[in-house]
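Asker: Build the 3D model from these lines:
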Amino acid sequence: MGMTMDDLGNLFEVIAMLLAGVVLAPIVVATMAAVALLIGRVVRRVLTGKVRRGYLRQIRTVVTEYEAPFDLRPAEIAYLYDTTVGKEEVLATVFDLERRGYVTVTALDTNDDFFIHHTDNHDYTKLHEVDSHVLAMIGSKGCRWGALQKEATKLFAEGSFGRVIERSLIELGFLRSHTTKRQHSHILARTVISVAVAIGACMLVYKGASMVVGALVVQLAWVPFLYQDLVGYMHKSARVSREATPLLAKVWPQIEGFCEFVKVVELDRIAHANRNKQQEYRHAVLPYAIALNLPVNWKDRFK
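Answerer: Prediction:
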C-alpha cells in the first residue's frame, strides 16, 4: 500500500507541528525565565532592605557579638553569595588566619606588598580545610602576597580552591552534592520523557486527532527542561547555589544579617562603647568585608 495524499498531508502536519514546538518552546522558556528572574530580584531587594533597615535602626546599640554564624569562613560566605572564587577570598582568608593567630603579616616597603609566615604556637592539624588550603599555598617558609596571588591564579584555573570551599559547605549541609552519575540519570530521564511525549503527539496527529491537541502535547515534552531552568534562575536571583539545601534557606536570614552587620561596622563605622576596643572590633570583621568585596581600604592597616 502506498501513501495517499491524506497520509502525506498528515505527515507534513506532523513535521510542521514539531518545527513549531522547537521554535516556540525556547521562546516560552526564555520569557518565563526572565519573569522569574525579575520576581527574584524584587523579592531579594525587599528582604535585603528590611534586614538593613533593621540594623540601621539599631545603629546606636552596642553589639558585643561579631562572630560569623556557624563559624563560616570569609571565603565560604562570599561563595554563597556569588559562587565564584577570586583573590579577594584568598586575601580575606590570610587576614582571618592572622586574626586567629596562625600567621603573621609584615608590611614591606615596595608596592604595598607584605610578607606572610606561619606562627609556631598552634596545632595546624586541626585546622579548617579552607584555612589549611591557604596555609599550604603560603608554604612553611612563608611568602610575599604578590607571589601568593600568582599561585592562587593557578589554583583558580584548576578550580581546586573552589572545590575545597564547596566540600566544606556540603559538610555543613548548606549545599547538596550531585554526583556525575546522578546528573546523567536526570538528563536521561528528561530525554526519555520528552521523546515519549513527542512520539505520542505525532501518533495523535497521524491518527486524526486535532493538530492543536498534538501541539499542546508536544509542549509538555519541554516541561522537565523548563522546570530545571526556572529553578536555576530563581536560585541565581537569590544569590545562592543551584544546589542549595533547605537548611541553607532556613539559616540564610542569619547569614544576610551578619553581612549587613559587617557593612554597618566597616562602612557606617558603628561606635563601640569601649573606645580601646574599636580597632580590634573592626579588625575582626575586616576579612569578611574583603571577601564580600566591600569598598574598604585594607592597606590602611599597615600605615
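Asker: Tell me, domain by domain, which residues of the chain belong where.
Answerer: As given by automatic domain parsing, the domain ranges for the chain are 5-53+180-233, 64-178+239-267+276-302.
Asker: These: lowest mean pLDDT?
Answerer: Among the domains of the chain, domain 5-53+180-233 carries the lowest mean pLDDT, at a mean of 61.
Asker: how about the helices of the stretch 51-200 of the chain, start to end?
Answerer: Using DSSP state H, counting those that start in this stretch, the helices of the stretch 51-200 of the chain run over residues 74-82, 87-100, 129-138, 145-158, 160-172, 180-206.
Asker: elements contacting the first one?
Answerer: Read it as helix 74-82. The contact analysis (3 or more CB pairs under 8 Å, 6 or more residues apart in numbering; DSSP states H and E) places helix 74-82 against helix 87-100, helix 160-172, helix 246-266, helix 278-291. Where you see a C-beta, it was placed from the backbone N, CA and C, and this is true even at glycine.
Asker: mind redoing it with 10 Å?
Answerer: helix 87-100, helix 129-138, helix 160-172, helix 246-266, helix 278-291 (3 or more CB pairs under 10 Å, 6 or more residues apart in numbering; DSSP states H and E).
Asker: Check the second one too.
Answerer: Here helix 87-100 is seen to pack against helix 74-82, strand 103-107, strand 114-118, helix 129-138, helix 145-158, helix 160-172, helix 278-291 when contacts are counted using 3+ CB pairs under 10 Å, 6+ apart.
Asker: elements contacting the fourth one?
Answerer: Helix 129-138 is packed against helix 74-82, helix 87-100, strand 103-107, strand 114-118, helix 145-158, helix 160-172, with contacts defined by 3+ CB pairs under 10 Å, 6+ apart.
Asker: okay, that helix in CSV with CA atoms only?
Answerer: The C-alpha coordinates for helix 129-138 follow below in CSV (Å, rounded to 0.1, in the frame of the first residue of the first chain):
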residue,chain,number,x,y,z
GLU,A,129,40.0,22.8,55.4
VAL,A,130,39.8,26.2,53.8
ASP,A,131,42.4,27.6,56.1
SER,A,132,44.7,24.5,55.6
HIS,A,133,44.5,25.0,51.8
VAL,A,134,45.6,28.7,52.0
LEU,A,135,48.4,27.8,54.5
ALA,A,136,49.7,25.1,52.1
MET,A,137,49.8,27.8,49.4
ILE,A,138,51.8,30.1,51.7
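Asker: got the buried residues for it?
Answerer: Buried residues in helix 129-138, counted by 16 or more other CB atoms under 10 Å: Val130, Asp131, His133, Val134, Leu135, Met137, Ile138.
Asker: swap in stretch 284-298?
Answerer: By neighbour count on 16+ other CB under 10 Å, the buried set for stretch 284-298 is Ala284, Val285, Leu286, Pro287, Tyr288, Ala289, Ile290, Ala291, Leu292, Leu294, Val296.
Asker: what residues are up against the nearest residue to Thr106 once chain neighbours are set aside?
Answerer: Take Thr106 and drop its neighbours on the chain: the residue closest to it by CB to CB, 6 or more residues apart in numbering is Phe115, 4.7 Å away. Neighbour list for Phe115: Thr104, Val105, Thr106, Ala107, Leu108, Gly142, Cys143, Arg144, Trp145, Ala147 [criterion: CB atoms under 10 Å, 6 or more residues apart in numbering].
Asker: ok, now how distant is Arg163 from Glu129?
Answerer: 10 Å (CB to CB, to the nearest Å).
Asker: go on, Tyr102?
Answerer: Applying CB to CB to Tyr102 and Glu129 gives a distance of 14 Å.
Asker: Overlap of the contact sets of the two?
Answerer: By CB under 10 Å, 6+ apart, no residue touches both Tyr102 and Glu129.
Asker: Could you find the closest non-adjacent residue to Tyr137?
Answerer: No Tyr there; residue 137 is Met. Glu151 (5.2 Å).
Asker: isn't Trp298 right next to Leu286, touching?
Answerer: Yes - counting by CB atoms under 10 Å, Leu286 is a contact partner of Trp298 at 6.4 Å.
Asker: Thank you kindly, that will do.
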